[in-house]
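J.: Sequence and predicted structure below; questions after.
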Amino acid sequence: MNILVTGSNGQLGNEIKVISENYAGFNFIFTDIQELDLTSSTKVETFFNQHSIDLIINCAAYTSVDLAETEKALAELINVEAVHLLAKMSVAKNIKMLHISTDYVFDGTHYRPYKEDEMTSPNSVYGRTKLQGELVLKASGADYVIIRTSWLYSAFGNNFVKTIIRLSKEREELNVVADQIGTPTYAADLAEVILKIVENFDKTGAFKKNIYHYSNQGVCSWYDFAAEIVELSKNNCKINAIETHRYPTPAKRPFFSVLCKDKIKKTFDIEIPYWRNSLKKCILLLETN
């Protein structure tokens, strides 16, 4: 099976690269913008005419949440138009598609974990464009899986974990918001689940237009997350809990975006690691590399 992975230089794409070596039966084609410009209909069509693809794993996304408020056109191009072009190719060439989305499609006003069929209502340009990407894929007629995830981090790329480690070495104190609640997701864990779904390509009916939620287990605030990062990395820095209004940002974040994972656990018979345990693995990896 030929599997195209887009956005392969990002956190999740890199994690899929790492574990792809364990899947000898699959032929992975890893691309980023240098190899495949997803915003160009001509280049996308040419690529798919030149390659035989059975499955697309779309990790490509515009993820700069605050910058998206002023770079709306670019966010739409990558999060909506690129998905439209991939979905169009999926239909034309009978290719299945696995697409990554976000907890930011919800407004965060619930106080119970969000299920896949709950009403979406994004607060930000980033959230709106990611939701539009979902809707474009749904309307295309393609066979797809959408996985919504949250608070993604990895040993690759820039992310909250690396930022807190760096700042906690440089400063004696850090202020971190304590009234935004969710769950961190170790991209390596998500990559494992994605390839388990790929292994079940024809077995479970997974690609019959399904949405799944995936994050690590447990619940925390950004403050809790930061405090655990500092403790595990053994940096001498005090973490202060503050409210969101004391740390204004261009984009509005959901206050509660915990995702319910019951559907993905039941469908694929998976156990999801607790967020603190996965964070330990990531920090240990960062320290040894």
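T.: It's in. Just so it is clear, the model here is predicted, and its values are computed rather than measured.

J.: all helices for the stretch 101-250 of the chain, in order.
T.: 125-140, 160-170, 187-199, 222-232 (DSSP state H, counting those that start in this stretch).

J.: The ones you listed: which one's closest to residue 239?
T.: Nearest of those to residue 239, taken as CB to CB: helix 222-232 at 4.6 Å. All C-beta spots, glycine's among them, are computed from the backbone N, C-alpha and C.

J.: Quick check: which helices or strands does that closest one pack against?
T.: Contact here means 3 or more CB pairs under 8 Å, 6 or more residues apart in numbering; DSSP states H and E; on that basis helix 222-232 packs against helix 160-170, strand 173-177, strand 238-242, helix 275-288.

J.: could these go into JSON lines alongside mean pLDDT and distance to residue 40?
T.: Output for the helices and strands packed on helix 222-232, formatted as JSON lines (pLDDT from 0 to 100; distance: least, CB to CB, whole Å):
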{"stretch": "helix 160-170", "mean pLDDT": "97", "distance to residue 40": "31"}
{"stretch": "strand 173-177", "mean pLDDT": "98", "distance to residue 40": "39"}
{"stretch": "strand 238-242", "mean pLDDT": "98", "distance to residue 40": "43"}
{"stretch": "helix 275-288", "mean pLDDT": "97", "distance to residue 40": "35"}
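
J.: was I right about residue 104 contacting residue 121?
T.: No - contact criterion CB atoms under 8 Å: residue 104 and residue 121 do not qualify, at 10.6 Å.

J.: quick one: which of these two has more around it?
T.: residue 104 (27 against 14; other CB atoms under 10 Å).

J.: so where's the stretch 1-150 of the chain shaky on pLDDT?
T.: Within the stretch 1-150 of the chain, no stretch has pLDDT under 70.

J.: so where do the strands sit in it?
T.: Counting by DSSP state E, counting those that start in this stretch, one finds strands in the stretch 1-150 of the chain at the ranges 2-6, 27-30, 55-58, 96-102, 144-149.

J.: Adding mean neighbour count, write these out as JSON lines.
T.: Formatted as JSON lines, the strands of the stretch 1-150 of the chain follow (neighbours: other CB atoms under 10 Å):
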{"stretch": "strand 2-6", "mean neighbour count": "21"}
{"stretch": "strand 27-30", "mean neighbour count": "17"}
{"stretch": "strand 55-58", "mean neighbour count": "24"}
{"stretch": "strand 96-102", "mean neighbour count": "25"}
{"stretch": "strand 144-149", "mean neighbour count": "23"}
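
J.: can you redo those strands as CSV with distance to residue 178?
T.: Below are the strands of the stretch 1-150 of the chain laid out as CSV (distance: least, CB to CB, whole Å):
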stretch, distance to residue 178
strand 2-6, 36
strand 27-30, 38
strand 55-58, 34
strand 96-102, 22
strand 144-149, 22
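
J.: do you know which of those strands lies nearest residue 129?
T.: Closest approach to residue 129 among those is made by strand 96-102 (9.9 Å; CB to CB).

J.: correct me, but residue 211 touches residue 137?
T.: No - counting by CB under 8 Å, residue 211 sits too far from residue 137 to count as a contact (10.0 Å).

J.: How many residues are close by the residue lying closest to residue 43 once chain neighbours are set aside?
T.: Nearest non-adjacent residue to residue 43, counting by CB to CB, 6 or more residues apart in numbering: residue 37, 4.8 Å away. Residue 37: 16 surrounding residues under other CB under 10 Å.

J.: doesn't residue 47 make contact with residue 37?
T.: No - assessed by CB under 8 Å, residue 37 is found out of contact with residue 47, at 9.0 Å.

J.: do you know how far residue 264 is from residue 271?
T.: Separation of residue 264 from residue 271 (CB to CB, to the nearest Å): 11 Å.

J.: who's more crowded, these two?
T.: residue 264 (24 against 6).

J.: helix/strand/coil for that one?
T.: At residue 264 the chain is in helix, as set by DSSP: H, G, I helix; E, B strand; the rest coil.

J.: which residues touch it?
T.: Neighbouring residues of residue 264 by CB atoms under 8 Å, 6 or more residues apart in numbering: 147, 193, 212, 213, 214, 270.

J.: I am finished for the moment; much appreciated.
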